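Asks: Sequence and computational prediction follow.
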Amino acid sequence: MARMTMIQALNSAMDIMLDRDPDVVILGEDVGYFGGVFRATEGLQRKYGEHRVIDAPIAEGGIIGAAIGMGVNGLRPISEIQFADYIYPGFDQIVSELAKLRYRTGGEFFAPVTIRTPCGGGIRGGQTHSQSPEGVFTHVCGLKIIMPSNPYDAKGLLISAIEDDDPVLFFEPKRIYNGPFDGDPDKPAMPWSQHPKGEVPEGYYSLPIGLAEVVREGEDLTVLCYGTMVHVCEAAAKLAEVEAEIVDIRTMIPLDVDTIRQSVEKTGRCVIVHEATRFSGFGAELSATVQEECFYSLEAPIERVTGWDTPYPHAFEWDYFPGQKRVAAAMVKVMEAG
Amino acid sequence: MTRTPRLHIPHPPARPGDTPDFSYVDISPAGAVPRPDVTTRLRDIERSLAFEMVRVLDEEHAAVGPWDPHLDHHDLQVGLRYMLLTRLFDERMHRMQRQGKISFYMKSLGEEAVSVAAAQALEPGDMLFPSYRNQGLHFARGRNPVDLMCQLLSNTRDMCKGRQMPVMYHWVRGNIFSISGNLTTQYPQAVGWAMASAIKGEEDIAAAWIGEGSSAEADFHHAMTFASVYMAPVVLNIVNNQWAISTFQGFAGGERRPFAARGPGYGIPGVRVDGNDFLAVYAVTRWAAERARQGAGPTLIEHVTYRADAHSTSDDPSRYRPRDEWKAWPLGDPLERLKAYMIREHAWSEAQHEALAAELGAQLDESWEEACGFGTMTDGPTLDRNELFEDVFKDVLPHLIRQRDQFRDLED
């Protein structure tokens, strides 16, 4: 085992897959010589050459479209979109093409593309470097969607995503690239080396896509969350002094309904937390799922804590970010209800 | 012998530790490119304008050839003042970022002429659609530095009300559009603005700026197509500063043709200009604006320049290019070149220059103090937090009123 940051874990996953499978290629802005603006592809072009770790023009539509063509022609491309906020010029290629290619060709054509993209706020990035657009894509049929919350999961899930024959959108919460973040910007940053999930095997391993993880067991209430919010929710549970069972969703599509059901049936109460905006967000899907699967176990209305339904602001970042205080208030509310 | 296709990967001529090499930049002698009448048919002029380089200032700092705009001393002094103001503002704000007073900054070092000369050549009613390295447009239109500083501080006088990252300015009264972090989106928008001007029968034109790197975005194609189809009165600028973060201009297709040469493919004249030559940028912009105003349609201008500093305060260019590359840049420093010309023309002196630098420095110190009075990252006054929910729509919709109430309850 080694100690790795999430960036190092992602780098290791790509390194291993480039080494194991000559069909794996990486395509993105600044990913080659420079090693990526977040250093995720550092050293990979030097090791595997310019024909496998390819710097791309600033054209997200081109990066996705070309990756589809490469995928159809037998390669296994990993596209990096530098910030999730910049994914929209590639939207048509993702939604109309990548997601639907297999279906529209009767299963005969497919493109095993993995799109990696840093998402989320807490870095003073304003509206064009802070968005969490996973819900925009979970409404599209034909994409698998992942958001890891720690280095160990990030590596195992990225390897699975690359090996998967379906297109995968792999969202990386950039605020936790270098350490878990519990939502308190005034506290000194904690490095991954002090967190158990910062221990990562150096070699190959994969984690199945479609399994949530109970990261903390509890009897009082269930918290459904993913990405950075897993760490915020752990801290919020302490603040609210509740025995929360925290479920890290990890993969939105496919969704691990069994783990969700078992937890809510046990606790009877549920808080759903994500950084993305609320209206039609992925939390709405989670809420509907809990209502459908666990209605007779529920003892209180489900609460959602999310980003507000505004663009991501620069100055009001910590008012916008669903921090410990807001999550704890929702926990207290569902405990007091019913 | 059989041959197979081989993937070509563009390589910049020099990496860290190498000797800078700009032999790939084709440079025409000053005064060499003819200046056609604005109504000249496109096919008669396109080759020389797009492939050669319009230059006015020669190696002896004299203005030569048909593009010399013959600016009077006053106009020259105004241009130099705003270029120097831009540079000093950049230096100070970069330092403020390093001191933790602002969260982010982007300098325009070495590219000041591209913005300042263009703004001077256009009319005040013309609408400007800038990219993030065009702060010179604001200064050349007379913007108070305090306004820009307040945006950088996200304070109570920030025109964005704290909602945008630093440098994403706008100026409604000055006819300068909002900057988006997403690249090239403003290009088709500028074309639409120009189309509206033509629809309404007005004389105002639009101008837009992008970097050469983001000319790869599909919005570039959309803008060029619409501009060509409707003969929109618009000046479309590509600032070819050689670097898009770590990727050099070859990754946007610069190895094959000058960026200006993309114009003729759309039926739009493309002009390649020395972007560090204040007089040439002024003259070419003036020519393009005249064409637009006379109904001759859009012009694409490629400004050949060099990004002398990092992409932003989050970037470290020593990782991907030689540290001293700017010193070897064959088109020099736009500010020094204009100054040398003015001294030669007896329109300026070293003593005047020193006095101006001192005056602007003092002005910026005062401006910073004034801006900080409207709030800093650590000290008040602070923006009203309820503003968080304003301006998503014209009116605050019911679901946002509910969320605002929740937010207030949490504050109590």
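Replies: Structure's in. What do you need?

Asks: where do the helices sit along chain A?
Replies: In chain order, chain A shows helices spanning A:6-20, A:44-48, A:60-72, A:91-92, A:101-104, A:134-138, A:151-163, A:229-240, A:257-267, A:282-294, A:317-320, A:324-336, with DSSP state H as the criterion.

Asks: can you redo these as a markdown table with mean neighbour count, mean pLDDT and distance to B:Ser154?
Replies: Every residue, glycine included, has its C-beta placed from N, CA and C. Output for the helices of chain A, formatted as a markdown table (neighbours: other C-beta atoms under 10 Å in any protein chain shown; pLDDT from 0 to 100; distance: least, C-beta to C-beta, whole Å):
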| stretch | mean neighbour count | mean pLDDT | distance to B:Ser154 |
| --- | --- | --- | --- |
| helix A:6-20 | 22 | 98 | 28 |
| helix A:44-48 | 17 | 98 | 37 |
| helix A:60-72 | 22 | 93 | 28 |
| helix A:91-92 | 15 | 96 | 29 |
| helix A:101-104 | 15 | 91 | 44 |
| helix A:134-138 | 21 | 98 | 27 |
| helix A:151-163 | 25 | 98 | 32 |
| helix A:229-240 | 25 | 98 | 23 |
| helix A:257-267 | 18 | 98 | 39 |
| helix A:282-294 | 18 | 98 | 29 |
| helix A:317-320 | 18 | 94 | 10 |
| helix A:324-336 | 20 | 97 | 22 |
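
Asks: With B:Leu236 as the reference, name the closest of the ones you listed.
Replies: Nearest to B:Leu236 among those is helix A:60-72; the distance by C-beta to C-beta comes to 19.7 Å.

Asks: For the closest one, output the C-alpha coordinates as CSV.
Replies: What follows is the C-alpha trace of helix A:60-72 in CSV, where atoms were taken according to Å, rounded to 0.1, in the frame of the first residue of the first chain:
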residue,chain,number,x,y,z
GLU,A,60,-14.5,20.2,-26.0
GLY,A,61,-16.9,19.2,-28.8
GLY,A,62,-13.8,18.1,-30.7
ILE,A,63,-12.3,16.3,-27.8
ILE,A,64,-15.5,14.3,-27.2
GLY,A,65,-16.3,13.8,-30.9
ALA,A,66,-12.8,12.6,-31.7
ALA,A,67,-12.9,10.3,-28.7
ILE,A,68,-16.1,8.7,-30.0
GLY,A,69,-14.4,8.1,-33.4
MET,A,70,-11.3,6.6,-31.7
GLY,A,71,-13.6,4.4,-29.6
VAL,A,72,-15.5,3.2,-32.6
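
Asks: roughly how far out does that helix sit from the chain middle?
Replies: 21 Å (C-alpha atoms, centre = their mean, to the nearest Å).

Asks: could you say what helices and strands that helix packs with?
Replies: Contacts defined by 3 or more C-beta pairs under 8 Å, 6 or more residues apart in numbering or on different chains; DSSP states H and E place helix A:60-72 against strand A:24-28, strand A:76-80.

Asks: tell me the most buried of those?
Replies: Using mean count of other C-beta atoms under 10 Å in any protein chain shown, the stretch among the helices and strands packed on helix A:60-72 with the greatest mean number of neighbours is strand A:76-80 (a mean of 27).

Asks: and the angle for it with helix A:151-163?
Replies: Relative orientation of strand A:76-80 versus helix A:151-163 (axes from the mean of the first three to the mean of the last three C-alpha atoms, to 10 degrees): 130 degrees.

Asks: what does strand A:76-80 rub up against?
Replies: A:14, A:17, A:21, A:23-29, A:31, A:36, A:40-41, A:63-64, A:67, A:70-71, A:111-117, A:162-163 (C-beta atoms under 8 Å, 6 or more residues apart in numbering or on different chains).

Asks: pLDDT averaged over it - what is it?
Replies: The predicted model gives strand A:76-80 an average pLDDT of 97.

Asks: go on, stretch B:225-245?
Replies: Taken as a whole, stretch B:225-245 carries a mean pLDDT of 96.

Asks: which parts of that stretch are buried?
Replies: Residues of stretch B:225-245 classed as buried: B:226-228, B:230-245 (neighbour count, 16 or more other C-beta atoms under 10 Å in any protein chain shown).

Asks: now A:Gly218: how far from B:Ala232?
Replies: Here A:Gly218 is placed at a distance of 62 Å from B:Ala232 (C-beta to C-beta, to the nearest Å).

Asks: Tell me the confidence at the most centrally placed residue in chain B?
Replies: If you average the C-alpha coordinates of chain B and look for the closest C-alpha using C-alpha atoms, centre = their mean, you land on B:Asn134, 3.3 Å from that point. We have a pLDDT of 98 for B:Asn134.

Asks: that older thread, quick one, which of the helices and strands packed on helix A:60-72 is nearest to A:Asp256?
Replies: Among the helices and strands packed on helix A:60-72, the nearest to A:Asp256 by C-beta to C-beta is strand A:76-80 (24.3 Å).

Asks: ok, that closest one: who's next to it in the sheet?
Replies: Sheet neighbours of strand A:76-80, with direction, are listed as strand A:24-28 (parallel), strand A:114-119 (parallel) (DSSP bridges).
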